[in-house]
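Student: got a sequence here, can you model it:
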Amino acid sequence: MEIERTGSDIEMEREEEDDEETLLLRDRFRLSAISIAESEAKKNGMQASEPIVACISNLAFNYAEHLAKDLELFARHAGRKLVNTEDVILAAHRNENLSLSLRTFCNDLKAKEPQSDRRRKKSSRKEDKATTSALEIADL
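Tutor: This is a model prediction of the structure:
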C-alpha cells in the first residue's frame, strides 16, 4: 500500500528540515560566540556572566540572520544569484570604519590575485566588478 504525498506534505517536511538546520546552526553559532567571549574575558583578566554571554550570542545570531537576508536582497536586486563583496560592503555602509576596512581588504585581495587569473575571469563587465568571494543564493 503506497501513501500518496501531497505538495503540502513535502513542503511541511522541507520546513521541518530547515527548522532543524536553523536550530543546529544557531546552537553552533552560540557555542562559538560563548567560546570567543570566554576567551576574550580570560585574556583581559575578566569574567563574563552566562546570561550576558547568552544574550550577546543571541543578538549576534539575530544580526547575522538579518544580514544574510539583506545580502540576498542586494544580490537579487542586482540581478545576480551570488552574493559578492560589493553586497557586503553595501550592507556595512552605515559604519564608515567597517566599510573602509572591507574595501581595503577587498583591494588587498585583488592585488594579491595573480594577473593571469584576472584575465581569465574577464568574461563580462558585470563579472569584472565582482570579486573572487561569492555565495550562491538558493531559489525560494
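Student: so how far is Arg103 from Leu109?
Tutor: For Leu109, the distance to Arg103 equals 11 Å [CB to CB, to the nearest Å]. Heads up, the C-betas are built off the backbone N, CA and C, glycines and all.
Student: ugh, wrong one, Arg14
Tutor: Relative to Arg103, and taking CB to CB, Arg14 is found at 38 Å.
Student: so which of these two has more stuff around it?
Tutor: Shown here are Arg14 and Arg103; by other CB atoms under 10 Å, Arg103 has more neighbours (14 against 10).
Student: nearest residue to that one in space, please, no chain neighbours.
Tutor: Ile89 (6.1 Å; CB to CB, 6 or more residues apart in numbering).
Student: same check on Phe29?
Tutor: Phe61 (5.0 Å).
Student: confidence score at that neighbour?
Tutor: Phe61 carries a pLDDT value of 93.
Student: secondary structure element holding it?
Tutor: helix 50-77 (DSSP states H and E).
Student: please name every helix or strand in contact with that helix.
Tutor: helix 7-43, strand 82-84, helix 85-91 (3 or more CB pairs under 8 Å, 6 or more residues apart in numbering; DSSP states H and E).
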